[in-house]
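Asks: pasting a predicted model and its sequence here:
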Amino acid sequence: MRKFGIVLALLVVLIALLVGCSGSREQDIETILASELLRSQGIEINEPERPYYRFSAREDFDIEVALHVLGEHGSYYFTPGGWTDELIGDLVAVSEDGLRFAKDFLGIEVSHPLSFVFNVTEPTDDHPMPMWGGGGVFGTSAYISMEARLLPSLIVHEAVHAILRYDERQSNFPMPPETALMGHAMFLEEGLCDLIDFLFAAQTEHPYRTNYGNNHLHIEASRTLNRRNNFADEAEFGTRYPELMSYETAASFVYFLLEHHGTIGDFMRVFDDIYLMEEVYGVSMYDMIAKWMAYLEQF
Ligand SMILES: [Zn+2]
């Protein structure tokens, strides 16, 4: 179809209450109802007099949405306010490509479209989901909440989390100490998410942003190691593989393994059980980290 490089089944569901809505909401509803994108895709609008409904992925993730587009790989929900046809079209198109890329990369099949909720209006203090300027995964549903001008970004990163949740994959890689700033971060998984996000950005024809800008992952990792004194602060990074306790370094390490030491299948065995490192790669975890750090010196 025109804006999308892929065939999408599109569906718009517009339900819920108009009563007491603000001016911007009314404008938003008018924008949605007058949408050329929707018309051009032959989308039917149900109950235009009640355009909002609630999306609940889990008890702690219950949010009002105005617009729903069903794709092949994702089911996309848009919260009220701030949307244009172009932005919705761009997000759906890049998300469809990104989700397919992430699934293919991981070699994990997902039997139904994964849910993505996008929000581009800054939440008020009493909003049930105060997140702003980032993303997260609730169950297998991804939520991305940031200014429209910063999009599209984070989509593939969150998609990888969601696919891993769907496949019930959880690494036993150690976390930093509980009292640390990033105490509950699962950095091997974050590294995998950032790597696939980075590789997608490098090959997609769509505009897409990553935290790495124009820099290579390994350059960012090298800088991060220097900046943090090789993660020597035990209170922050612990004593087990401290050099990997950041997004940048974990992503670079996973990339190093995939570039030089085997397939994604090999890596996923180690992802599932870090104690299989030596069995899979023939090198202990500590020796592999040393090899990776020596490799980084060229960057
Ligand atoms: Zn993440």
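Replies: Looks like it came in fine. Model, not experiment: these values are computed from the prediction.
Asks: test my guess that Phe105 contacts Asp197.
Replies: No - if you go by Cβ atoms under 8 Å, Phe105 and Asp197 don't touch, sitting 10.4 Å apart. Yep, even glycine has a C-beta here, placed from its N, CA and C like the rest.
Asks: Met245 contacts Ala235, correct?
Replies: No - using Cβ under 8 Å, Met245 is not in contact with Ala235; the gap is 11.7 Å.
Asks: okay, those two: which has more neighbours?
Replies: Met245 (25 against 10; other Cβ atoms under 10 Å).
Asks: need the pLDDT of that one.
Replies: If you check Met245, the pLDDT there is 97.
Asks: likewise Glu72?
Replies: Glu72 is given a pLDDT of 87.
Asks: pretty sure it sits against Ser95.
Replies: No - using Cβ under 8 Å, Glu72 is not in contact with Ser95, being 10.6 Å away.
Asks: about what we covered before: counting neighbours, go ahead and name the busier of Phe105 and Asp197.
Replies: A count of neighbours by other Cβ under 10 Å puts Asp197 above the other of Phe105 and Asp197, at 27 against 18.
Asks: what residues does the more buried one make contact with?
Replies: Counting by Cβ atoms under 8 Å, 6 or more residues apart in numbering, Asp197 touches 154-157, 160, 210.
Asks: that one sits in which helix or strand?
Replies: Assessed by DSSP states H and E, Asp197 sits inside helix 187-203.
Asks: list the buried residues for that helix?
Replies: For helix 187-203, the neighbour count (16 or more other Cβ atoms under 10 Å) marks 187-201 as buried.
Asks: returning to that earlier point: what's the farthest-apart pair in the contacts of Asp197?
Replies: For the contacts of Asp197, the maximum inter-member distance is 12.8 Å, found between Val160 and Thr210 (Cβ to Cβ).
Asks: the two: who's more crowded?
Replies: Between Val160 and Thr210, Val160 has the larger neighbour count (other Cβ under 10 Å), namely 29 against 21.
Asks: contacting residues for the residue nearest to the more buried one when sequence neighbours are not counted?
Replies: If the residues on either side of it in the chain are set aside, Val160 comes closest to Cys193, at 4.2 Å by Cβ to Cβ, 6 or more residues apart in numbering. Cys193 makes contacts with 156-158, 160-161, as judged by Cβ under 8 Å, 6+ apart.
Asks: that older thread, name the residue in Glu72 and Ser95 with the higher neighbour count.
Replies: A count of neighbours by other Cβ under 10 Å puts Ser95 above the other of Glu72 and Ser95, at 26 against 14.
Asks: could you look up the SS state of that one?
Replies: State at Ser95, reduced to three classes by DSSP: H, G, I helix; E, B strand; the rest coil: helix.
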